[in-house]
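Visitor: mind folding the following:
(chains A and B)
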Amino acid sequence: RKEVEQDPGPFNVPEGATVAFNCTYSNSASQSFFWYRQDCRKEPKLLMSVYSSGNEDGRFTAQLNRASQYISLLIRDSKLSDSATYLCVVPRDSGYSTLTFGKGTMLLVSP
Amino acid sequence: DAGITQSPRHKVTETGTPVTLRCHQTENHRYMYWYRQDPGHGLRLIHYSYGVKDTDKGEVSDGYSVSRSKTEDFLLTLESATSSQTSVYFCAIRRDSQETQYFGPGTRLLVL
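Guide: You can find the predicted model right below:
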């Protein structure tokens, strides 16, 4: 298994839809993981962290399944502005000195 | 805003010429990183630094060198640019005591 795998998409959804992305990882003993968002031709920006207990921030919910080694991101009530590429990020070591980035999942929200 | 700037933002150069990209931070954090991002590959770590004069290689370090003589500046040098080094280069910092990284705006490099 590759270190971090994501479905590249694109996921095409209408406004107001709920959409979920999964990410599988290998070889990480870290306690927390991350989702970043990257707009076209822009830098990646932290969207949210993912802990063993999960994390919710408004319309966004992230879950971690350590036994199956996957991380999920759920977006409810999609907005046009949610259109972006979502990167799954896994620490390479417990000290978080370096991170491994997935190649990203593209989301396109249409009117 | 993590106070990261990159220069230049765009550069076109010819094969075989040396190129230096600069990353500057205003917050004096220990960790700084250089990544490249290419279609189909995602973000890949080139080199990183954990203090002045302390650097280590990432997964795609061949053809690149780095220097960090001051906390605030992290330089990436392509000694002799090749067309395969055409890419978007991102610098990142990790704030002390935090786990996540924050990125600069990127440098688009085209090697002809």
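Visitor: and the residue nearest to B:Y64 when sequence neighbours are not counted, what element?
Guide: Once flanking residues are discounted, B:Y64 sits nearest to B:I46: 5.2 Å by CB to CB, 6 or more residues apart in numbering or on different chains. All C-beta atoms are positioned from the backbone trio N, CA, C, and that covers glycine. Taking DSSP states H and E as the criterion, B:I46 maps to strand B:42-51.
Visitor: ok, back up a step: ok, the residue nearest to B:Y64 - contacts?
Guide: Contact partners of B:I46, counting by CB atoms under 8 Å, 6 or more residues apart in numbering or on different chains, are B:34-36, B:58, B:60-61, B:64, B:66, B:76, B:89.
Visitor: nearest to A:E56, of the residues you listed?
Guide: Minimum distance to A:E56 across these is 28.9 Å, recorded for B:Y35 (CB to CB).
Visitor: now do the contacts for the closest one.
Guide: A:101, B:43-46, B:58, B:89-92.
Visitor: if we can go back for a sec, and the strand holding B:I46, which strands flank it?
Guide: Here strand B:42-51 is paired, per DSSP bridges, with strand B:31-38 (antiparallel), strand B:54-57 (antiparallel).
Visitor: single out the most deeply packed of the ones you listed.
Guide: Ranked by mean neighbour count, the strands paired with strand B:42-51 are led by strand B:31-38 with a mean of 23 (mean count of other CB atoms under 10 Å in any protein chain shown).
Visitor: so B:Y64 makes contact with B:L78?
Guide: Yes - the pair B:Y64 / B:L78 is scored as a contact, 6.2 Å apart, by CB atoms under 8 Å.
Visitor: now do the strands in chain B.
Guide: B:4-7, B:10-13, B:19-25, B:31-38, B:42-51, B:54-57, B:64-70, B:73-78, B:87-94, B:101-103, B:107-111 (DSSP state E).
Visitor: possible to save those strands as JSON lines with mean pLDDT and distance to A:S72?
Guide: Compiled in JSON lines, the strands of chain B are given as follows (pLDDT from 0 to 100; distance: least, CB to CB, whole Å):
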{"stretch": "strand B:4-7", "mean pLDDT": "97", "distance to A:S72": "30"}
{"stretch": "strand B:10-13", "mean pLDDT": "98", "distance to A:S72": "37"}
{"stretch": "strand B:19-25", "mean pLDDT": "97", "distance to A:S72": "33"}
{"stretch": "strand B:31-38", "mean pLDDT": "97", "distance to A:S72": "24"}
{"stretch": "strand B:42-51", "mean pLDDT": "95", "distance to A:S72": "19"}
{"stretch": "strand B:54-57", "mean pLDDT": "95", "distance to A:S72": "32"}
{"stretch": "strand B:64-70", "mean pLDDT": "97", "distance to A:S72": "35"}
{"stretch": "strand B:73-78", "mean pLDDT": "98", "distance to A:S72": "34"}
{"stretch": "strand B:87-94", "mean pLDDT": "97", "distance to A:S72": "25"}
{"stretch": "strand B:101-103", "mean pLDDT": "95", "distance to A:S72": "22"}
{"stretch": "strand B:107-111", "mean pLDDT": "98", "distance to A:S72": "33"}
